[in-house]
Each structure stands twice: as structure tokens, then as C-alpha cells.
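**Student:** With the input below, show me the fold.
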Amino acid sequence: MRKIAVVDDNADNRLIIRTILEDQYEIVEFSAGMEAIEGFRKNRPDVVILDISLPEMDGTEILRRIREDTQLYDLPVIALTAHAMVGDREKYLSAGFNDYVPKPILDMNVLFSTIRRWAP
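**Tutor:** Okay, the predicted model is just below:
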């Protein structure tokens with residue numbers, strides 16, 4: 001079973017994502033950046049779903065550290081964020097995210113198809 005890591009400081013958001021995905025994927029959850037990066041090194045996921053707005057270290061900084069890490073640099077990372085204004089998708093893709101899904105998730109098929117693109 002493919003492993004999906006969810007990084008979000010909001011426990012309700014993690015619960016929603018876990019509930020949506022747990023029938024098809026193994027889910028590991030993190031609420032903070034350093035905790036997540038250390039967890040990825042110990043038990044590498046197939047895909048990371050990463051919130052942008054996190055305390056202490058935002059999603060863009062977490063992504064930068066992933067891309068600089070020789071063990072993790074090629075890890076597929078999907079931005080899952082409420083930053084959904086015109087141009088945000090392009091902004092996050094150009095920052096190095098593999099894909100982008102806006103919150104709230106109105107169509108669960110969008111999330112599933114995005115994950116399948118990176119963890120077939």
C-alpha cells in the first residue's frame with residue numbers, strides 16, 4: 001500500500017484528509033515542519049501533501065529543505081492550501097512543488113487524481 005504523508009497543523013484538516021484517503025493509502029501525519037522532515041528520513045512516504053501556512057516553518061521552507069536533502073530531494077510534494085488566488089498555482093509550482101490542490105477540497109476526485117499522478 002502506498003504511503004501518503006500529510007503535513008498540516010490543523011488536526012481537523014488532517015482528520016478529513018485521512019478519512020478521505022485511508023481506504024486506499026497508508027497515512028502518516030505531521031503537524032510541524034521539522035517533525036515531518038525527520039519522519040520522512042526515517043520512513044520515506046511515496047507522496048507528501050503539504051499545507052503552506054504552518055507555524056514556525058511554512059510549507060515553502062519545508063519544501064526547500066526537502067529539495068536540498070540528498071535522501072528526499074526527489075520526493076513528490078503536493079501543495080494543499082487555502083492560498084487559491086489567481087497565480088497561486090503557478091507560484092507554488094515554480095517554487096518546486098510537484099502539484100497543487102486548493103482548499104477546501106470540493107471534489108475528492110481532484111485529490112485522488114493528483115495523488116495517483118505522483119504515486120501510481
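
**Student:** Let me see the backbone angles for the residue most central in space within the chain.
**Tutor:** The residue lying closest to the centre of the chain (Cα atoms, centre = their mean) is residue 49, at 1.4 Å. Main-chain dihedrals, residue 49, degrees, to the nearest 10: phi -110, psi 120.

**Student:** Is it in contact with residue 13, as I believe?
**Tutor:** No - counting by Cβ atoms under 8 Å, residue 49 does not reach residue 13; the two are 9.9 Å apart. From N, CA and C alone the C-beta is placed, and that goes for glycine too.

**Student:** so the residue of the chain positioned farthest from its centre, which of the three states?
**Tutor:** Computed with Cα atoms, centre = their mean, the residue of the chain farthest from its C-alpha average is residue 86, at 20.5 Å. Put simply, residue 86 is coil when judged by DSSP: H, G, I helix; E, B strand; the rest coil.

**Student:** Next, the contact list for it, please.
**Tutor:** Residue 86 makes no contacts at all, as judged by Cβ atoms under 8 Å, 6 or more residues apart in numbering.

**Student:** Tell me the spacing between it and residue 102.
**Tutor:** The gap separating residue 86 from residue 102 is 12 Å, by Cβ to Cβ, to the nearest Å.

**Student:** Residue 94 - how many residues pack around it?
**Tutor:** A count of nearby residues for residue 94, using other Cβ atoms under 10 Å, gives 8.

**Student:** For it, give me the pLDDT.
**Tutor:** Per-residue pLDDT puts residue 94 at 95.

**Student:** how close does it sit to residue 87?
**Tutor:** For residue 94 relative to residue 87 (Cβ to Cβ), the value is 10 Å.
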